[in-house]
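**Student:** Quick one, structure for this:
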Amino acid sequence: MFYEDLTEYTYSADDSFTDPQSGFYALWYRPAYTRLNVGWLQQGEPYPTGDVPAGFVEKLAAVQRVQWMNVCLGVHECDLCPDEGPEGNGELRIPGAPSTAYAAPFLITHYVTAHGYRPPAEFVAAVLAVDLDAWAAARWPEVPFPWVPQEGVEWLLE
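**Tutor:** This is a model prediction of the structure:
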């Protein structure tokens, strides 16, 4: 599935959060913030390549371990790989500027490491700015909830 980087995310009106550690599946909410696509690559569509800063891949992988958004029952296989590629079945949300989140597929780490994909600079900076300790301490109400922007929290509590 291809979406150009930094275009508005329109795949789903709602977001759902799944906690991979407790098995809590899934808290649905309608975001009041703008979601921007990053890393939705597809064979035949051009994408930027190049180096990413030291620590970026490790931080992105750490985010993936604690935040599962929009997990689906089906999977999407990497069609950039010449042979059978890895599969992904969910998304990430990375906080950006106020009222903005980046929406990336689970395969984004694979795209960076295996295919040389270079995400937009603002996404890279946002990933590096994630405070994983704060995410680990957050709970809603009984499950860990790594990140919902303030604009989304008000809707959840109504």
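
**Student:** switch to C-alpha atoms for all contacts and neighbour counts from now on
**Tutor:** Noted.

**Student:** elements contacting whichever strand or helix holds A126?
**Tutor:** Per DSSP states H and E, A126 falls inside helix 121-129. Using 3 or more CA pairs under 8 Å, 6 or more residues apart in numbering; DSSP states H and E, the elements in contact with helix 121-129 are helix 56-66, strand 91-95.

**Student:** how distant is that helix from the center of its chain?
**Tutor:** Mean C-alpha position of helix 121-129 versus that of the full chain (CA atoms, centre = their mean, to the nearest Å) differs by 12 Å.

**Student:** Please identify the helix or strand for T113.
**Tutor:** helix 108-115.

**Student:** can you give me the angle that helix makes with strand 91-95?
**Tutor:** 100 degrees (axes from the mean of the first three to the mean of the last three CA atoms, to 10 degrees).

**Student:** contacts for helix 108-115?
**Tutor:** 39-41, 49, 57, 60-61, 80, 86, 117-119 (CA atoms under 8 Å, 6 or more residues apart in numbering).

**Student:** Same question for stretch 3-17.
**Tutor:** 25-31, 34-41, 67-71, 102-103, 119-120, 145.

**Student:** same question, stretch 66-75
**Tutor:** 15-20, 87-93, 136, 145-146.

**Student:** Hey, what's the angle from the helix holding T113 to helix 56-66? Just curious.
**Tutor:** Per the same axes, to 10 degrees, the angle that helix 108-115 makes with helix 56-66 is 150 degrees.

**Student:** What residues sit buried inside helix 108-115?
**Tutor:** Neighbour counts over helix 108-115 (16 or more other CA atoms under 10 Å) mark 108-112 as buried.

**Student:** Q42 and Y117, how far apart?
**Tutor:** 12 Å (CA to CA, to the nearest Å).

**Student:** Need the CA coordinates for the helix holding T113. CSV is fine.
**Tutor:** Output of helix 108-115 as CSV, limited to C-alpha atoms (Å, rounded to 0.1, in the frame of the first residue of the first chain):
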residue,chain,number,x,y,z
ILE,A,108,9.0,0.9,8.4
THR,A,109,12.0,-0.3,10.3
HIS,A,110,12.5,-3.1,7.7
TYR,A,111,12.2,-0.5,4.9
VAL,A,112,15.0,1.7,6.6
THR,A,113,17.4,-1.2,7.3
ALA,A,114,16.8,-3.5,4.3
HIS,A,115,15.9,-1.0,1.5
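
**Student:** follow-up on the earlier one: Q42 and Y117: who's more crowded?
**Tutor:** Neighbour count, other CA atoms under 10 Å: between Q42 and Y117, Y117 has more, with 20 against 14.
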